[in-house]
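Peer 1: Okay, sequence plus prediction incoming.
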Amino acid sequence: MSNSTGPRRGIALLAALAGIVAAGVVLGVAELAGAFFRASATPVIAMGSTFIDFTPPWLKDFAIATFGTHDKLALLVGMAVTIAILAAVLGVVAYRRWALGAAGVILMGAIIVACVLTRAGASLPDAVPSVVGTVAGLLALRLLIARLRHAAVVPAADSGTPAPAGITGTGSPTDTTDGVVHPSGSRSAATAAKPGGTTSRRGFFAAAGATAVVAAAAAGGGRLLSGARNNIAALRDSLQFPAPASPAPALPAGVQSPVPGVTPFVTPNGDFYRIDTALSVPQLTTDDWVLRVHGMVEEEFELSFQDLLDADLIERHITLTCVSNPVGGYLAGTAKWLGYPLREVLARARPLDGADMVLSTSSDGFSASTPLPVLQDDRDAILAVAMNGEPLPVEHGFPVRMVVPGLYGYVSATKWVVDLEVTRFADRTAYWTDRGWSEEGPIKTMARVEVPQSFASVDAGTVMIGGVAWSQQRGITAVEVSVDGGDWEAVDLAAEASVDTWRQWSYGVDLEPGLHTVRARATDAADGLQTDQRADTVPNGASGWQSVQFTVK
Ligand SMILES: Nc1nc2c(c(=O)[nH]1)N[C@H]1C(S)=C(S)[C@@H](COP(=O)(O)O)O[C@H]1N2
Ligand SMILES: [Mo]
């Protein structure tokens with residue numbers, strides 16, 4: 001085999017390429033067919049979503065910490081690399097033993113179908129895009145392998161154009177260049193075969209290139225088609241909301257910290273952090289949307305979007321916070337939410353004795369368990385339909401999501417919410433509580449230093465320090481800073497909009513050139529001083545005082 005290693009490796013590379021192109025056909029054709037199905041019926045979304053569901057808390061936090069809100073892009077890149085490697089291996093296997101390679105492709109197809117069919121709300125027809133894609137990929141692979149064998153065995157020894165083993169049932173001519181039978185068991189087809197006949201190789205490349213173009217066109221066409229088919233953008237633009245029966249109290253003057261660079265008091269929708277398990281954002285129309293209210297209640301019923309519009313809506317500024325936010329992190333935002341009070345929904349349902357939880361579920365299967373009393377008290381937990389005066393952005397839950405003051409999002413802020421089940425913590429669990437996070441998720445009091453940023457270099461003179469602090473439901477009564485380990489000094493608090501919104505602050509201090517450290521801590525109206533105990537985000541939110549280092553020039 002000495003003299004054959006080089007050419008054989010060359011052929012193996014081409015076989016790998018054939019496998020990768022065929023995988024492209026699977027995904028591209030499935031994407032095109034998938035335009036007529038829900039997004040989670042396409043292989044990429046189904047596999048990625050399944051992967052996300054198996055993500056343990058530490059990996060989720062690692063992904064957020066490492067890639068931030070690009071964690072989904074990172075997942076897609078990782079998937080692409082994994083698929084390419086698998087496909088390359090299958091290409092080589094198929095070249096050597098067609099039947100084995102084909103079996104591998106079919107197995108992959110079966111795994112994809114399993115991912116599709118186990119997504120929330122999937123039905124059997126959702127398997128169609130994956131099946132069609134797999135069949136197309138298998139045909140493409142067979143075509144390319146046939147070309148490759150043609151290229152590897154020129155001129156053909158005994159049978160004109162060699163066909164893939166799967167067609168003739170003869171074993172692969174792969175290992176024939178030295179005319180011996182190889183351990184793979186394949187038959188020596190041609191003693192005088194010259195690997196890599198130039199013309200035939202060119203034929204292989206032409207076929208591979210054309211197939212890749214077809215795959216890409218199918219994928220692109222599929223995307224365009226599904227975009228055109230569910231045009232949520234136009235629907236959002238056309239929505240009109242009635243004036244709220246209870247408008248948001250006007251923001252007092254002076255809610256904004258005077259320090260330049262501190263985050264805007266109201267976070268623009270486009271800058272609002274986004275955290276969810278949805279690889280492809282659910283595309284629900286207002287007509288599709290129905291909220292089912294059921295479980296331990298005296299009256300089960302359904303609400304339509306029009307029912308919400310016809311009801312008395314309230315509007316509130318509320319600061320949302322993610323449990324995965326590290327000390328000093330940016331997974332928090334304040335918006336003006338318009339919606340229907342959840343306490344009204346529950347008043348109509350009349351929960352039975354013993355119920356202590358509401359399990360809210362989104363159209364993509366995410367769920368959150370919220371203590372029942374929290375949704376019944378006067379804190380204005382809402383089924384929100386608008387965010388900062390616009391219909392909810394699709395990524396933030398269009399057409400309807402929950403917003404609950406005082407609780408981290410993972411136990412309360414279900415986006416694309418379609419189901420409310422009144423139940424008991426003893427009976428039901430939710431998406432993140434199944435994955436090691438706490439049942440109870442009250443937001444912890446936190447002060448954040450935003451200016452200067454970590455490792456910033458600022459001008460000498462009076463250095464302006466500023467940031468925000470939050471303690472939803474309790475309210476911030478003080479923020480203190482300690483510069484270079486000195487005494488804790490009270491900062492200037494900006495005006496308070498409500499206990500459910502963050503409160504901004506500012507502090508000026510004269511500093512000499514050099515390296516400086518500032519620490520910050522908040523005090524809330526109920527529990528006093530923010531704890532300095534360092535805690536991880538898992539299982540119920542990070543705690544500890546933030547420390548920022550910066551340089552004065
Ligand atoms: N359907 C759905 N809703 C969800 C989530 C999710 O993964 N899926 N994540 C929750 C979490 S962890 C948070 S912090 C908030 C974030 O809301 P936002 O993306 O609008 O900022 O949504 C909550 N609602
Ligand atoms: Mo979150």
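Peer 2: Okay, I see it. Ligands and ions are numbered 1, 2, ... in the order given.
Peer 1: ok, which residues in the chain are in contact with ligand 2?
Peer 2: Selection of the chain residues close to ligand 2 by Cβ under 5 Å from the ion yields 275, 322, 409-410. Yep, even glycine has a C-beta here, placed from its N, CA and C like the rest.
Peer 1: who are the neighbours in contact with G19?
Peer 2: 87-92, 94, 101, 141 (Cβ atoms under 8 Å, 6 or more residues apart in numbering).
Peer 1: What pLDDT is listed against the residue of the stretch 201-350 of the chain found nearest ligand 2?
Peer 2: Of all residues in the stretch 201-350 of the chain, C322 sits closest to ligand 2, at 3.2 Å by Cβ to the ion. Confidence at C322, expressed as pLDDT, is 97.
Peer 1: Next, count neighbours for it.
Peer 2: Applying other Cβ atoms under 10 Å, we find 21 residues neighbouring C322.
Peer 1: That one is in contact with G409, isn't it?
Peer 2: Yes: the criterion here is Cβ atoms under 8 Å, and C322 meets it with G409 at 5.3 Å.
Peer 1: anything in the helix or strand hosting L420 near ligand 1?
Peer 2: Taking DSSP states H and E as the criterion, L420 maps to strand 417-423. No: between strand 417-423 and ligand 1, judged by Cβ under 6 Å from any ligand atom, nothing touches; the nearest distance is 7.3 Å.
Peer 1: returning to that earlier point: let me have the residues of the chain next to ligand 2 in TSV, adding secondary structure and distance to F425 as columns.
Peer 2: As requested, those are exported to TSV (DSSP: H, G, I helix; E, B strand; the rest coil; distance: Cβ to Cβ, whole Å):
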residue	secondary structure	distance to F425
I275	coil	23
C322	coil	22
G409	helix	18
Y410	helix	15
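Peer 1: Going by neighbour count, which of those residues comes out on top?
Peer 2: Counting by other Cβ under 10 Å, top hit in these: G409 with 27 neighbours.
Peer 1: Just give me the longest helix of the chain.
Peer 2: helix 198-229 (DSSP state H).
Peer 1: thinking again about what came up before, is it possible to get CSV of the contacts of G19 that adds distance to T537 and neighbour count?
Peer 2: Listed next are those as CSV, based on distance: Cβ to Cβ, whole Å; neighbours: other Cβ atoms under 10 Å:
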residue, distance to T537, neighbour count
A87, 36, 25
A88, 38, 19
V89, 37, 15
L90, 39, 27
G91, 42, 28
V92, 43, 20
A94, 45, 30
G101, 44, 29
L141, 44, 30
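Peer 1: Make CSV from those residues and add pLDDT and secondary structure to it.
Peer 2: Below are the contacts of G19 laid out as CSV (pLDDT from 0 to 100; DSSP: H, G, I helix; E, B strand; the rest coil):
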residue, pLDDT, secondary structure
A87, 97, helix
A88, 97, helix
V89, 97, helix
L90, 97, helix
G91, 97, helix
V92, 97, helix
A94, 97, helix
G101, 96, helix
L141, 97, helix
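Peer 1: from these, which is closest to M446?
Peer 2: For those, the residue nearest M446 by Cβ to Cβ is A87; the value is 46.1 Å.
Peer 1: Next up, the contacts around that closest one.
Peer 2: Contacts of A87 (Cβ under 8 Å, 6+ apart): 16, 19-20, 22-23.
Peer 1: A349 now?
Peer 2: A349 makes contact with 293, 297-301, 422, according to Cβ under 8 Å, 6+ apart.
Peer 1: Tell me, how many residues neighbour the closest residue to ligand 1 within the stretch 151-300 of the chain?
Peer 2: Using Cβ to the nearest ligand atom, the single residue of the stretch 151-300 of the chain nearest to ligand 1 is D276, 3.2 Å away. For D276, the neighbour count with other Cβ under 10 Å is 21.
Peer 1: Can you report phi and psi for the spatially closest residue to it that is not a sequence neighbour?
Peer 2: The shortest distance from D276 to any non-neighbouring residue, by Cβ to Cβ, 6 or more residues apart in numbering, is to K415 (6.2 Å). Backbone torsions of K415, given as degrees, to the nearest 10, read phi -90, psi 160.
Peer 1: Who are the contact partners of K415?
Peer 2: By Cβ under 8 Å, 6+ apart, the residues touching K415 are 276, 278, 362, 366, 392, 396-397, 401-402.
Peer 1: Same check on K336?
Peer 2: Each residue near K336 by Cβ under 8 Å, 6+ apart is listed here: 248, 266, 315-317, 387-389.
Peer 1: For those, pick the one with the most neighbours.
Peer 2: Ranking the contacts of K336 using other Cβ under 10 Å puts R316 first, with 26 neighbours.
Peer 1: Skip the chain neighbours and tell me the closest residue to V491.
Peer 2: With sequence-adjacent residues excluded and distances taken as Cβ to Cβ, 6+ apart, V491 is closest to Y507, at 4.0 Å.
Peer 1: and that neighbour, how many neighbours?
Peer 2: Using other Cβ under 10 Å, Y507 has 22 other residues around it.
Peer 1: ok, and does stretch 62-72 reach over to ligand 1?
Peer 2: No: figure legend: stretch 62-72 not in contact with ligand 1 (Cβ under 6 Å from any ligand atom); closest approach 8.9 Å.
Peer 1: before we move on, what about stretch 34-54?
Peer 2: No: in terms of Cβ under 6 Å from any ligand atom, no part of stretch 34-54 sits within range of ligand 1; the closest distance is 8.9 Å.
Peer 1: For that stretch, give the distance from the opening residue to the closing one.
Peer 2: Stretch 34-54 has an end-to-end distance of 24 Å (criterion: Cα to Cα, to the nearest Å).
Peer 1: Show me which residues of it are buried.
Peer 2: For stretch 34-54, burial by neighbour count (16 or more other Cβ atoms under 10 Å) applies to 34-35, 37-50, 52-53.
Peer 1: and what of stretch 333-352?
Peer 2: Residues 333-343, 345-346, 349, 351 are the ones in stretch 333-352 that count as buried (16+ other Cβ under 10 Å).
Peer 1: Now intersect the residues you listed with the helices, please.
Peer 2: When the buried residues of stretch 333-352 are checked against helices (DSSP H), the matches are 342-343, 345-346, 349.
Peer 1: That'll do, ta.
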